[in-house]
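Chemist: generate coordinates for the sequence data below:
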Amino acid sequence: MADACLFCRIAAGELPAHKLHEDEAIIAFLDLHPVREGHALVIPRAHHVWFEDLPPDLATRITTCAQALARAMKLLYGVPRVGMVYTGIHVPHAHAHVVPMHGIHDITSQAYLADGPDGFSAPPQLPPERMAQVAAQLRAALDQG
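Modeler: The predicted model follows:
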């Protein structure tokens with residue numbers, strides 16, 4: 001574990017997260033700065049900086065979890081599609097974003113686009129109580145899938 005890595009600390013249970021799924025290799029939780037409500041991250045517990053450094057079996061495990069989350073998000077939010085992307089903008093630990101897409105910019109985000117192609121603003125956080133509700137709803141939808 002990289003001591004300063006926020007995602008390693010979440011995976012180790014040192015920092016709180018609204019967890020959606022966890023097993024011995026990966027953990028999925030709500031993004032603190034969601035593009036849209038339900039925006040989740042899927043990370044490996046082991047520290048890998050870049051997604052291309054992930055062992056293929058671990059990358060497959062992340063994708064399989066993201067697919068389950070996508071089915072849950074479609075059920076919960078009634079969206080036609082869910083996007084998944086590895087960006088690595090803020091935390092140098094491989095992580096997949098899984099975002100219910102209500103509109104065409106739900107992956108790129110109007111908040112990001114407003115700063116222009118070379119800028120970046122973090123979307124606002126949801127209130128903690130709403131994050132807890134969203135996490136509970138997604139966990140329930142995961143159980144239905």
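Chemist: can you give me the strands in this structure?
Modeler: Assigned by DSSP state E, the strands in the chain fall at 19-22, 26-30, 40-44, 81-86, 96-101.
Chemist: can I get those in CSV including distance to residue 135, mean pLDDT and mean neighbour count?
Modeler: Every C-beta, even on glycine, is put in place using the N, C-alpha and C of the backbone. Rendered in CSV, the data for the strands of the chain read as follows (distance: least, C-beta to C-beta, whole Å; pLDDT from 0 to 100; neighbours: other C-beta atoms under 10 Å):
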stretch, distance to residue 135, mean pLDDT, mean neighbour count
strand 19-22, 6, 97, 18
strand 26-30, 5, 98, 23
strand 40-44, 9, 97, 26
strand 81-86, 16, 94, 17
strand 96-101, 13, 95, 23
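Chemist: in TSV, list these along with distance to residue 134.
Modeler: Conversion of the strands of the chain to TSV gives the following (distance: least, C-beta to C-beta, whole Å):
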stretch	distance to residue 134
strand 19-22	9
strand 26-30	6
strand 40-44	9
strand 81-86	14
strand 96-101	11
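Chemist: and the ones you listed: which comes nearest residue 143?
Modeler: With respect to residue 143, and counting by C-beta to C-beta, the nearest of these is strand 19-22 at 10.5 Å.
Chemist: contact partners for the closest residue to residue 93 other than its chain neighbours?
Modeler: Among residues not flanking residue 93 along the chain, residue 7 sits closest, at 3.9 Å (C-beta to C-beta, 6 or more residues apart in numbering). If a contact means C-beta atoms under 8 Å, 6 or more residues apart in numbering, then residue 7 has 41, 43, 47, 91, 93, 95 as its contacts.
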